[in-house]
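Asker: Fold the following for me, if possible:
(chains A, B and C)
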Amino acid sequence: MKFEFIPIDFDYFDFEGKNYIRLIGRTEKGEKICVIDNYEPNFWIILKKEYEKNVEKVCEKIKKTVSEKASRLSGVLRTEICNKKFLGKEVVAIQVFVTNHKDAHDIASKIGDMKEIEFRREYDIPILTKYIKEKKVEPLRWYTVDGNAISSNEFSKMSNTDLKICVYASKIEKSKKEGGFKPKILAYDIEVDDTEIGKGNILMVSLYGDNFRKCLTWKKCENSQDYVDCFENQAKMIEGFVKYVKEYDPDVLTGYFSDGFDLPYLKSIAKKNRLKLNLGIDDSEPIFSRGRISSGKIFGIVHIDLYRFIDAVFSQYLQSETLSLNEVAGELFGEKKENFDFEKLNSMKDSDWRDFFSYCLQDSRITYMLAEKIWPDIFEFTRIIKEPIFDVTRDRMSSHVENFIIHNLDRFNEIAEKRPVYDEIEQRKSLGKYEGAFVLQPIPGFYENLAVFDFTSMHASIIVSFNLSKSTLVDKKEKGSFQTPEFEFDGEKKFFYFSKEKGFTPKLLEEVVGLRKKYKKEYNENKNPLLKARSNAYKLLANASYGYLGFFGARYYSREAAASTLAFVRDFASRTIEKIRNEGYGIIFSDTDSIGFELKNKTKNQVLELLKKINSELPGIMELDLEDFYRRGLFVSKRTTKEGAKKKYALLDENNKLKIRGFETVRRDWCKLARDLQNEILKKILEDGDEKRAFELLKVAISKLKNRKINIRDLMIRTQLRREISQYLSEGPHVAAAKKMKEKEIPVSQGMLIEYFIGESKSKGKRIGDRVFLPNEKVNYDVDYYLNNQIIPAVENIFEVFGINIKNIIEGEEQRKLF
DNA sequence: GGAGTTCGCATACC
DNA sequence: ACAGGTATGCGAACTCC
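Answerer: This next block holds a predicted model:
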């Protein structure tokens, strides 16, 4: 049979000691089917130059290697001699085909001590990555599959699913069919009576899909909404959950933090009740992989924990201060969670249960909406990176960059570099930092008529323009090679040189930057979410490529190339600053790739002319852009000294839109009162240029505070608990608050945002931490603390720019009892 | 026991 | 362990007399 097919999920299995790949996807008609493909596992051996002529002999020796592990006999099946490239250099290599991928590493180690061998490579790449890379069967693209349905032989047992068709492929070819498909998404959410996994009960499970909504429970059976499905007990409810998922038959099952909470909780309750959580289409249970956060994989259904993807990739587009479902959904499509007071859980009335069901369903509903909203980004990212959706939605940016490189190596005839082993990672981490970007110290003041220039994708464009990478670093100056500016590296003043011949990673990055430009333009002509997602994906990839160079876990790590990139960044920033200054503009600030300056007596046209001139002098693909013109800007001094504070400013553009950076207004660990007040004052000063009126705002706030008219909610301070309580050397207020929560048996966990306020206390200790109170504690707030440690520090430096010393005025007014 | 200083920590900028 | 370095500023903990 022959048909069109789009792979959605990838998996593999062993049959008679050999590896097979299982693809789950849909046909053109929308049927969900399974395609099985064979795969010949292999790795590479690179010969030492002097032994290249002995390559045939080496092959013969290698063929005798066997591995016996886990009662599996595995060996070298055949070898192939190829001319390849490794790190840009021509090599003679042997591709060694083995029985089973799991033994590739072992076999590679066994032949490692042969004197003819220089390197062994690609035994450390996961099998699905190797399969996709070599057979070019990529996720979410259309293929024409030729093959036979398998039904009643031994082999079929290995691929047993409840799908109607399973096909053993004889041929898989790229299809002409374009475009994607709309996945069938099902969102789920659970509510429990104890948040520690498996400790309590799952009170309800909600499901939300296309034209589908359910809330499953065993707690309350009468007078509930029509979507509530009531079961005899918790075990029956879980069976019901599995049944509903199977009936709906989704491509994607999604939750929010479901890797870390919902799925493991369901599994643990199922286990307690001696049930199988057989969600897989072959009736298998979810498999949890180990890692920093365990990931729940379901066979045949892509389990996506939206939180993981947002945390690793998508959060860069967001303003949200936390990545809670509520805040993220609120920002992306204005939908909020419902309110439910969990303290009622012990005394629930009928109406409370109805509210609770509704709350739970709403969580699934907004998870579903979020999945639909983010799908274009997941889709495009998956197609560009070419890894299975499961991994694309969980990997961090460094892995994305690396996988993108790996899946494009064949175009350069390159063999992949190996992953660093533990010792190498430790060694790389032990090296100190290298010098970073340049930040210009501003002179505090109130400025008018400004312009800001910035370099577009500065690091990436430098890497491309100067051919910076691990494989292009050369020992000494060559004809046409690129030379870095002189800079200090590990305590030594030096230069680095990079070859003239383009390396494959700078070449790839050049493509990425080009594609980003192309799709950004296309998106501007045709605003559709897929084009936006594609353009964004290339942008993220370009921006992460510099960080990847300096990341200790990278296959293509090069501390020299990373440090060289920054040497160029500093050089271009300072030279551009000089050019602008020499034209008669007043430089105000600069940070890494941006430069802000006063127009003084110049016109906007002159600024644009200057921009054109600078651009004509920039090498390679480097580009300077006009970020914007600004009417006014405010720069303050540091709190400790009189010097100007870096990374802290407020700008007002020509549409009267405020751009605030670094100020307390944008810091989530300051109370709302101080943040809002500072924001209002900055607004007043920048919009009206009237600091006297702004001062009135401060006076009103102080008098409200002293008269205890401030809502306690506006005084809450939120700080993240970034480690386990016991791991802190210094006990800050948020740690004291976390300890207090633990005493009161309020769940506290690493990574949580701790909320507290500072109150009056009889046993006044020396530390602020001794006066910490939790949000529901009925204690008077500490007026002095909020005045001296929140309000005044937030606005003091702003007024100082205008020569107003607020402390003196406040003390004066206090004496005259004006407050 | 108070003043001055250093250090740990969280968060922001690019 | 899961992109990099630069920077501010609080509060705790230390040092010193």
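Asker: what sits against whichever residue of the stretch 301-450 of chain A sits closest to DNA strand B?
Answerer: Nearest residue of the stretch 301-450 of chain A to DNA strand B: residue A:321, at 5.7 Å (C-beta to the nearest atom of the strand). Every residue, glycine included, has its C-beta placed from N, CA and C. Residue A:321 is in contact with A:327, A:668, counting by C-beta atoms under 8 Å, 6 or more residues apart in numbering.
Asker: what do you get for residue A:581?
Answerer: Residue A:581 neighbours (C-beta under 8 Å, 6+ apart): A:587, A:597.
Asker: And for residue A:33?
Answerer: Counting by C-beta under 8 Å, 6+ apart, residue A:33 has contacts A:5, A:24, A:25, A:26, A:27, A:163, A:164, A:165, A:166, A:167.
Asker: so the first one sits in a strand?
Answerer: Yes. Secondary structure of residue A:5, determined by DSSP: H, G, I helix; E, B strand; the rest coil: located in a strand.
Asker: can you tell me how far the residue of the stretch 301-450 of chain A closest to DNA strand B sits from residue A:307?
Answerer: 15 Å (C-beta to C-beta, to the nearest Å).
Asker: Same question for residue A:743.
Answerer: 29 Å.
Asker: correct me, but residue A:45 touches residue A:120?
Answerer: Yes. Taking C-beta atoms under 8 Å as the definition, residue A:45 is a contact partner of residue A:120 at 5.7 Å.
Asker: The helix or strand hosting residue A:650: what's the following helix or strand?
Answerer: Using DSSP states H and E, residue A:650 sits in strand A:644-653. Following strand A:644-653 in sequence order, the next helix or strand is strand A:658-661 (DSSP H and E).
Asker: That next one - contacts with which helices or strands?
Answerer: In terms of contacts (3 or more C-beta pairs under 8 Å, 6 or more residues apart in numbering; DSSP states H and E), strand A:658-661 is packed against strand A:644-653, helix A:672-688.
Asker: Can I get the first one in PDB, CA atoms only?
Answerer: Same thing as strand A:644-653. Extracted in PDB, the C-alpha atoms of strand A:644-653 (Å, rounded to 0.1, in the frame of the first residue of the first chain):
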ATOM      1  CA  GLY A 644      25.300  57.300  37.400                       C
ATOM      2  CA  ALA A 645      23.600  53.900  37.700                       C
ATOM      3  CA  LYS A 646      24.000  51.600  34.700                       C
ATOM      4  CA  LYS A 647      21.100  49.500  33.400                       C
ATOM      5  CA  LYS A 648      18.600  51.900  35.000                       C
ATOM      6  CA  TYR A 649      16.600  54.400  33.000                       C
ATOM      7  CA  ALA A 650      13.200  55.700  31.900                       C
ATOM      8  CA  LEU A 651      12.500  56.900  28.400                       C
ATOM      9  CA  LEU A 652       9.400  58.500  26.900                       C
ATOM     10  CA  ASP A 653       8.900  57.900  23.200                       C
END
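Asker: and residue A:252, what are its bridge partners?
Answerer: residue A:185, residue A:302 (DSSP bridges).
Asker: more neighbours, residue A:743 and residue A:307?
Answerer: residue A:307 (25 against 8; other C-beta atoms under 10 Å).
Asker: And residue A:330, how close does it get to residue A:316?
Answerer: From residue A:330 over to residue A:316 (counting by C-beta to C-beta), the distance is 18 Å.
Asker: swap in residue A:39?
Answerer: 35 Å.
Asker: Looking at the two, which has the bigger crowd around it?
Answerer: Neighbours around residue A:39 and residue A:316, counted as other C-beta under 10 Å, are more numerous at residue A:39. The numbers are 18 against 13.
Asker: How about the contacts made by that one?
Answerer: Here residue A:39 is in contact with A:12, A:19, A:20, A:21, A:101, A:127, A:130, A:131, A:134, A:135 (C-beta under 8 Å, 6+ apart).
Asker: Let's see that with 6 Å instead.
Answerer: For residue A:39, the contact set (C-beta atoms under 6 Å, 6 or more residues apart in numbering) comprises A:19, A:21, A:131.
Asker: looking at it, the first one is touching residue A:101, isn't it?
Answerer: Yes. Using C-beta atoms under 6 Å as the test, residue A:19 is close enough to residue A:101 to be in contact (5.2 Å).
Asker: Mind listing the shared neighbours of these two?
Answerer: Going by C-beta under 6 Å, 6+ apart, residues that sit against residue A:19 and also against residue A:101 are residue A:41.
Asker: These two: which has the busier surroundings?
Answerer: residue A:101 (24 against 20).
Asker: What sits closest to that one if chain neighbours are left out?
Answerer: For residue A:101, ignoring the flanking residues on the chain, the nearest one in space by C-beta to C-beta, 6 or more residues apart in numbering is residue A:41 at 3.7 Å.
Asker: Run a quick neighbour tally on the one you found.
Answerer: 24.
Asker: Next up, the contacts around it.
Answerer: A:19, A:98, A:101, A:104 are the contacts of residue A:41 under C-beta under 6 Å, 6+ apart.
Asker: ok, 7 Å please
Answerer: A:19, A:98, A:100, A:101, A:104, A:127 (C-beta atoms under 7 Å, 6 or more residues apart in numbering).
Asker: from these, which two are the most distant?
Answerer: Distance extremes for the contacts of residue A:41: the farthest pair is A:98 and A:127 at 11.6 Å, using C-beta to C-beta.
Asker: Tell me which of these two has more neighbours.
Answerer: residue A:98 (26 against 17).
Asker: and the contacts of residue A:39 near DNA strand C, which?
Answerer: Among those, not one lies near DNA strand C by C-beta under 7 Å from any atom of the strand.
Asker: Between those residues, which sits nearest DNA strand B?
Answerer: Using C-beta to the nearest atom of the strand, the contacts of residue A:39 come closest to DNA strand B at residue A:131, 35.7 Å.
Asker: okay, now that closest one: neighbour count?
Answerer: Neighbours of residue A:131 (other C-beta under 10 Å): 24.
Asker: part of a helix, is it?
Answerer: Yes. Residue state for residue A:131 (three-state DSSP) corresponds to a helix.
Asker: ok, residue A:325 touching residue A:255?
Answerer: No. Applying C-beta atoms under 7 Å, one finds residue A:325 not in contact with residue A:255, separated by 9.7 Å.
Asker: out of those two, which sits in the busier spot?
Answerer: residue A:255 (26 against 22).
Asker: Next secondary structure after the helix or strand bottoming out on mean pLDDT in chain A?
Answerer: Among the helical and strand segments of chain A, the one scoring lowest on mean pLDDT, DSSP states H and E is helix A:154-158, with a mean of 62. Per DSSP H and E, the first helix or strand lying C-terminal to helix A:154-158 is strand A:166-174.
Asker: neighbouring strands for that next one, and are they parallel or not?
Answerer: Strand A:166-174 sits in its sheet next to strand A:32-38 (parallel), strand A:143-149 (antiparallel), going by DSSP bridges.
Asker: Compare these and report which one is nearest to residue A:235.
Answerer: strand A:32-38 (28.5 Å).
Asker: could the helices and strands packed on strand A:658-661 be laid out in a markdown table, adding mean pLDDT?
Answerer: A markdown table is the format used below for those (pLDDT from 0 to 100):
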| stretch | mean pLDDT |
| --- | --- |
| strand A:644-653 | 96 |
| helix A:672-688 | 96 |
